[in-house]
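**Student:** Here is my input; please provide its structure:
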Amino acid sequence: MKTSKPQPHVQNHKDGSLWARGQTLDGLATGYWEWFRKDGTRLRSGYFEAGAQVGKWTTYDKKGDVYKVTIMKPRQKP
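**Tutor:** Predicted structure coming up:
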């Protein structure tokens, strides 16, 4: 069933702490997403379009400071 509105999506580590949050549209990741370490510090963040990573993705160190930024290249269309 196709939806026209993004749905919130949350995943947890086995211990119940937040692991990832974002949204899906028709079962695919879309929009802004974040991943977290078990201690709650942000690990990575970036954007999806139709399940594909797009644009600028940021990786954070254990203190939560920016470690590196990666620019994702667009998918090649067949």
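
**Student:** drop to CA atoms for contacts and neighbour counts, all remaining ones
**Tutor:** Will do.

**Student:** Need the residue closest to the centroid of this protein.
**Tutor:** By CA atoms, centre = their mean, the chain has its centre lying nearest to W33, at 2.8 Å.

**Student:** Let me see the backbone angles for that residue.
**Tutor:** phi -130, psi 150 (degrees, to the nearest 10).

**Student:** And it, what's its pLDDT?
**Tutor:** pLDDT for W33: 98.

**Student:** go on, the one 3 residues further on?
**Tutor:** According to the prediction, F36 has pLDDT 97.

**Student:** Test my guess that it contacts L43.
**Tutor:** Yes. Contact criterion CA atoms under 8 Å: F36 and L43 qualify, at 4.9 Å.

**Student:** Need the overlap of contacts for these two.
**Tutor:** Applying CA atoms under 8 Å, 6 or more residues apart in numbering, one finds that no residue jointly contacts F36 and L43.

**Student:** Who are the contact partners of the residue nearest to the centre of the chain?
**Tutor:** 20-23, 45-48.

**Student:** Kindly recompute the last result at 6 Å.
**Tutor:** Residues near W33 by CA atoms under 6 Å, 6 or more residues apart in numbering: 21-22, 45-46.

**Student:** and of those residues, the nearest to T58?
**Tutor:** Checking the contacts of W33 against T58 with CA to CA, the nearest one is S45 at 5.4 Å.

**Student:** okay, now the closest one: neighbour count?
**Tutor:** Counted with other CA atoms under 10 Å, residues neighbouring S45 total 19.
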